[in-house]
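# Using only what follows, build the 3D model:
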Amino acid sequence: MARAKKVFNFSKVEGKTFIYPKTKEPYGTIRTDENIDFKTRKLLTVWKSFAIDDCGNHFLISSKGRISFFNHETENIIQLANNFEDFSSNCINSDQIPTNDAEVISTWVNPDFANKQEINVPKDSKIK
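Down below sits the predicted model:
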């Protein structure tokens, strides 16, 4: 008898931010994209992208149901949760993330946006 494929309720996490329990580091905002393009080499056989964040990083689900995060710049994969229930239980509304302005070192600004807003930013597009 074939095992039924588990389907998860994406609406439980859409628009939210995952908080990694061990470090309290936020991952997100989680969003779907009809055009998710996850052609990252050998990872296709093990992982499937089910969402992206605002920076183009992927939230992945493995064939065993584990949830991970793929940083497209470093190509590092970080396991976030053993299953979707654990993952969704650590997701919060993005406006609930505590922030401390004193800890912000710099922020990246899209150069096109900066030009339209007439904001002067350095060549690396980081405002410090």
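
# Run through the neighbouring helices and strands of the helix or strand in which Ser68 is found.
Secondary structure from DSSP states H and E places Ser68 in strand 67-71. Identification of packing neighbours for strand 67-71 by 3 or more CB pairs under 8 Å, 6 or more residues apart in numbering; DSSP states H and E yields strand 47-52, strand 58-62, strand 76-81, helix 84-89. Where C-beta positions appear, they are placed from N, C-alpha and C, glycine not excepted.

# what's the closest of those to Thr99?
With respect to Thr99, and counting by CB to CB, the nearest of the helices and strands packed on strand 67-71 is strand 76-81 at 20.7 Å.

# For that closest one, which strands pair with it and how are they oriented?
Sheet pairing here is set by DSSP bridges, and for strand 76-81 it gives strand 67-71 (antiparallel).

# got the buried residues for the partner strand?
Along strand 67-71, the positions that meet the burial threshold by neighbour count (16 or more other CB atoms under 10 Å) are Ile67, Ser68, Phe69, Phe70.

# and Asn82, how far is that from Asn71?
Using CB to CB, to the nearest Å, we find Asn82 at a distance of 20 Å from Asn71.

# biggest separation within the buried residues of strand 67-71, which pair?
Of all pairs drawn from those, the greatest distance, 11.0 Å, lies between Ile67 and Phe70 (CB to CB).

# Quickly list what's touching both of the two.
Common contacts of Ile67 and Phe70, defined by CB atoms under 8 Å, 6 or more residues apart in numbering, comprise Phe59, Leu60.

# Point out where the chain drops to low pLDDT.
For the chain, the stretches with pLDDT under 70 are 1-7, 33-45, 98, 104-106, 123-128.

# can you give me the strands in it?
16-19, 26-28, 47-52, 58-62, 67-71, 76-81, 91-93, 107-108, 126-127 (DSSP state E).

# residue contacts, the spatially closest residue to Phe8 that is not a sequence neighbour?
Leaving out its chain neighbours, the residue that sits closest to Phe8 by CB to CB, 6 or more residues apart in numbering is Phe84, at 4.1 Å. With contacts defined as CB under 8 Å, 6+ apart, Phe84 is in contact with Lys6, Phe8, Ile61, Gly65, Ile67.
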